[in-house]
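1. what's the 3D shape of this:
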Amino acid sequence: MRKKVRVAIIGVGNCASSFVQGVEYYKNASKDDVIPGLMHVDLGGYHISDIEFSAAFDIDIEKVGKDLSQAIFSGQNNTVKFTDVPKLGIKVERGMTHDGLGKYLKEVITKAPGPTADIVQILKSTKTDVVVNYLPVGSEEATRWYVEHILAAGCAMVNCMPVFIARETYWQKRFEKVGVPIIGDDIKSQVGATIVHRVLTRLFRDRGVQIENMYQLNFGGNTDFLNMLERERLESKKISKTNSVKSQLDQPIADRNIHIGPSDYVPWLSDRKWAYIRVEGKSFGDVPLNLELKLEVHDSPNSAGIVIDAVRCCKLGLDRGLSGTLEGPASYFMKSPPRQVSDSLAHELTEDFIAARGAYALDSPAEVAELVALADPPTTS
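-> Numbering: from 1, shown residues only. Below you'll find the model as predicted:
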């Protein structure tokens, strides 16, 4: 019998739907298949089909009490359906609300009645290995509440949202004390607005163009964008996206010259996201050089493959007795890891982690700088 990766989900929204669908869609993939959005079909000895869903938590009356296979297509979920999911035998349990239900979400979501489920007992009794956090943006208190329960249950965690846990020393030490790993924070999609913006910023830097101004504007039609109309919930999201892009600059630019963040909610877009990116720079002779693009993606499937890889890396961490933030995988999968490096180096460090070779942890700023220089030597003209 192959070992399994037992995964619990907090928040059965569009991203959870694409994640669950993806595991079903690719469960029979051959080890030699190349699957868009996955690093490997068999990652460190774990096939996609080795992911088993053990528990799920939500507060929506349209989802609580249903089988996970049904809940992922219920309520306000509007992502693309690319496969049927058979009954999983996993009932969606009533989760904790705290600040997870914002002003605008309250207009379209009715909270399920009844008490919050015994999270710790459920995670323990289902032998959950890894918990994936898909709470809405701005759920600061709810996330911390769940983290305490995840630690009490002794589970690993993949934090897909921009509440800073894995990058913070306090929480790193808490995970180390319990002896379990975490990968976070804020999932970086396969080809999303942030990764495209990072690559463009890196391109300008490597080709010697001095960046003067840039923006990234995003809008879409899922509940994530509806939730983010509440601007006070956006602080951590804007910090996460902005710092991820700024980390690729060699010369800082003033805050007023960089704007990155959600812009608006357009219902008819459903789970599609449109991103507009503009970068203005100064080239040889102080001549202007500007770049502008539009990216269109289905938002939730765009991150699902990353999560499939991340939960398997977390399980490898558990198998190897690692604890705290897994910095190599975090740098590749997340917008806000403990330390930012180039995407090519992050990929290399993650492959090293999967293969259990080399120094796949980032030990010091000096070592990071040296690795970055080796991986991405500066371009000279």
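2. now residue 176, what's its secondary structure?
-> Secondary structure, DSSP: H, G, I helix; E, B strand; the rest coil: residue 176 is helix.
3. so who does it touch?
-> Each residue near residue 176 by Cβ atoms under 8 Å, 6 or more residues apart in numbering is listed here: 323, 324. Using the backbone N, CA and C atoms, a C-beta is placed for each residue, glycine as well.
4. Ends of stretch 92-108, what's the gap?
-> According to Cα to Cα, to the nearest Å, stretch 92-108 extends 19 Å from its N-terminal end residue to its C-terminal end residue.
5. And for the chain, the residue most distant from the center?
-> In terms of distance from the mean C-alpha position of the chain, residue 285 ranks first, at 40.8 Å (Cα atoms, centre = their mean).
6. before we move on, what SS does that one have?
-> Remark: residue 285 carries the secondary structure label helix [criterion: three-state DSSP].
7. Then the one 3 residues further on?
-> Here residue 288 is recorded as strand under three-state DSSP.
8. what about the nearest residue to it once chain neighbours are set aside, helix or strand, and which?
-> Nearest non-adjacent residue to residue 288, counting by Cβ to Cβ, 6 or more residues apart in numbering: residue 282, 6.5 Å away. Mapping residue 282 onto the secondary structure by DSSP states H and E places it in strand 272-283.
9. Give me the buried stretch members for that strand, please.
-> The neighbour-count check on strand 272-283 (16 or more other Cβ atoms under 10 Å) flags 272, 273, 274, 275, 277, 278, 279, 280, 281 as buried.
10. again with stretch 252-269
-> Under the neighbour-count criterion of 16+ other Cβ under 10 Å, stretch 252-269 has 258, 260, 261, 262, 263, 265, 269 buried.
11. The second one belongs to a helix?
-> No - assigned with three-state DSSP, residue 260 falls outside any helix and is strand.
12. just to revisit the earlier point, and the buried residues of strand 272-283, which two are the farthest apart?
-> Greatest spatial distance among those (Cβ to Cβ): 272 and 281, at 29.5 Å.
13. Which parts of the stretch 1-150 of the chain are helices?
-> Shown for the stretch 1-150 of the chain, the helices assigned by DSSP state H, counting those that start in this stretch span residues 14-25, 68-71, 119-125, 140-153.
14. now, of these, which is deepest in the fold?
-> Mean neighbours per residue, mean count of other Cβ atoms under 10 Å, is largest over those for helix 14-25, with a mean of 25.
15. Which strands or helices does that one pack on?
-> Helices and strands in packing contact with helix 14-25 are listed as strand 5-10, strand 51-58, helix 301-319; criterion 3 or more Cβ pairs under 8 Å, 6 or more residues apart in numbering; DSSP states H and E.
16. So which residues make contact with it?
-> Applying Cβ under 8 Å, 6+ apart, the set of residues contacting helix 14-25 is 9, 48-49, 51, 53, 56, 68-69, 72-73, 77-86, 88, 132, 134, 160, 187, 222-224, 271, 299-301, 303-305, 307-308.
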